[in-house]
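Novice: got a structure for you, letters missing:
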């Protein structure tokens, strides 16, 4: 897991099962969200922004291996971790607003009723609800991959896809 | 695996298994392409951080074709074929004479069938060497950014460890101009089973 401090016009890349926080300026980017979900949290007043790229919904089922788990990999542990890191950089939890993207189903798997992507989205929503963080914009589901960018100066979030161009959340 | 480090000699064994398995698969592909010669790199076996897998293929945001198949039975593993859009189109045209190589239903089903045959021959080779029964699941195909395809496969495989064994090879044909990568991701426990059977544990 990498933590990044604010450096002028920095671009920080968040890999899968990773997260990053910046303050005041810079861009946090995560490439290739498929069934994974990208969670952007932003505090407008302190201009602290964070982005997390989760792979799976729940760490709970792997309790026996808790010590070796990467908390940034799971929705239920990554979001509290992200909030914590943001608070350490001056954000206030009560001011945080979330924008989420991803959770798609690229392959038409027929093996389970509920896809990994859907499970991920559901757990992201539940975790944010438990933390009282509102979701102000989202681009989730579908059958295509997404790249997500958080512009830390403004809190603007953009989503780009193959062949569908870029949208702003 | 994962909790314990995997040493070089074990990685060499996996490389050799992949070499024979993928070699077998390439022979099948060659038969589909009217005997055309296919060059295959010696497979590489890595212990790689999960987070670095998407970048192990060139261009995480590049649109590619991914064919995903699981091998199931006495052990489980995930196979992903990644082809550039151009290679996939060339493969479709080569196998359906007169086709434009479009990714329509027909084109995609050809790619899935190729994936199916390649994976079945790979799994056969593993079965022969280890006496383990392994069957491929029906293939799935996606055309999207490479990073999204790979991360989805990792999520589907429910990879919990932060370091995984990845087997990778590339193959190319000169006449039909097909270049592709094969990624093989053994499930948790699969490697220990293989090592045990081969007397390495």
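Specialist: Cool, got the structure. Fair warning: this is a prediction, and the values are worked out from it, not measured in the lab.

Novice: got the residue ranges for the helices in chain B?
Specialist: Ranges of helices within chain B are B:8-32, B:85-95, B:105-130, B:146-156, B:190-197, based on DSSP state H.

Novice: Ok, which of these comes nearest chain A?
Specialist: helix B:146-156 (2.1 Å; C-beta to the nearest C-beta). Every C-beta, even on glycine, is put in place using the N, C-alpha and C of the backbone.

Novice: Is the lowest-mean-pLDDT helix or strand in chain B positioned near chain A?
Specialist: Using mean pLDDT, DSSP states H and E, strand B:163-173 stands out as the lowest-scoring helix or strand of chain B, at a mean of 79. No - in terms of C-beta under 8 Å from any C-beta of the partner chain, no part of strand B:163-173 sits within range of chain A; the closest distance is 10.5 Å.

Novice: got the angle between that strand and helix B:85-95?
Specialist: Orientation check (axes from the mean of the first three to the mean of the last three C-alpha atoms, to 10 degrees): strand B:163-173 against helix B:85-95 gives 50 degrees.

Novice: List of residues touching strand B:163-173?
Specialist: B:1-2, B:6, B:11, B:14-15, B:18, B:22, B:26, B:29, B:33, B:36-50, B:53, B:56, B:178-186, B:191 (C-beta atoms under 8 Å, 6 or more residues apart in numbering or on different chains).

Novice: now with 6 Å?
Specialist: Here strand B:163-173 makes contact (C-beta atoms under 6 Å, 6 or more residues apart in numbering or on different chains) with B:2, B:18, B:22, B:26, B:36, B:38-41, B:43-50, B:179-184, B:186.

Novice: Which ones among those residues lie within strands?
Specialist: If you go by DSSP state E, the contacts of strand B:163-173 have B:38-40, B:44-49, B:179-184, B:186 in strands.

Novice: Residue numbers of chain B in contact with chain A?
Specialist: Proximity of chain B to chain A (C-beta under 6 Å from any C-beta of the partner chain) is limited to residues B:51, B:54, B:60-61, B:63, B:68, B:140, B:142, B:144-145, B:147-148, B:151-152, B:155-156, B:160, B:162.

Novice: Show the buried residues in those.
Specialist: Among the residues of chain B next to chain A, those buried by neighbour count (16 or more other C-beta atoms under 10 Å in any protein chain shown) are B:51, B:54, B:60-61, B:63, B:68, B:140, B:142, B:144-145, B:147-148, B:151-152, B:155-156, B:160.

Novice: Would you tell me whether stretch A:160-169 gets close to chain B?
Specialist: Yes - contact between stretch A:160-169 and chain B, assessed by C-beta under 6 Å from any C-beta, occurs at residue A:162.

Novice: Okay, buried residues for stretch B:106-114 please.
Specialist: B:107, B:108, B:110, B:111, B:112, B:114.

Novice: Next: stretch A:102-110.
Specialist: For stretch A:102-110, by 16+ other C-beta under 10 Å, it's A:102, A:103, A:104, A:105, A:106, A:107, A:109.

Novice: mind showing which ranges of chain A have poor pLDDT?
Specialist: Across chain A, the ranges flagged by pLDDT under 70 are A:1-9, A:62-68, A:109-113.

Novice: could you pull out the helices for it?
Specialist: A:75-88, A:116-130.

Novice: and the angle for the longest one with helix B:146-156?
Specialist: What it means is helix A:116-130. Helix A:116-130 runs at 80 degrees relative to helix B:146-156, counting by the same axes, to 10 degrees.

Novice: Any chance you could note which residues of chain A sit beside chain B?
Specialist: Close to chain B, as judged by C-beta under 6 Å from any C-beta, chain A has residues A:15-17, A:31-32, A:34-36, A:55, A:62, A:70, A:106-107, A:116, A:144-145, A:162.

Novice: Need the pLDDT of residue B:185.
Specialist: In this model, residue B:185 is scored at 85, pLDDT.

Novice: swap that for residue B:198, please
Specialist: Predicted confidence (pLDDT) for residue B:198: 81.

Novice: Count the neighbours of residue B:26 for me.
Specialist: Neighbourhood size, residue B:26 [other C-beta atoms under 10 Å in any protein chain shown]: 21.

Novice: Nearest to chain A among the ones in strands among the contacts of strand B:163-173?
Specialist: residue B:49 (8.8 Å).

Novice: State the distance from that closest one to residue A:73.
Specialist: 12 Å (C-beta to C-beta, to the nearest Å).

Novice: If you count surrounding residues, which of these two has more?
Specialist: Of the pair residue B:49 and residue A:73, residue A:73 is the one with more neighbours under other C-beta under 10 Å, namely 27 against 14.

Novice: So the more buried one sits against residue A:18, correct?
Specialist: No - using C-beta atoms under 6 Å, residue A:73 is not in contact with residue A:18; the gap is 8.6 Å.

Novice: Just say which of the helices of chain B is most tucked in.
Specialist: Compared across the helices of chain B, helix B:146-156 shows the largest average neighbour count, a mean of 28 (mean count of other C-beta atoms under 10 Å in any protein chain shown).

Novice: I'd like to check the angle between that helix and strand B:178-186, please.
Specialist: Using the same axes, to 10 degrees: helix B:146-156 against strand B:178-186 is 30 degrees.

Novice: Against which helices or strands is helix B:146-156 packed?
Specialist: strand A:27-33, strand B:63-73 (3 or more C-beta pairs under 6 Å, 6 or more residues apart in numbering or on different chains; DSSP states H and E).
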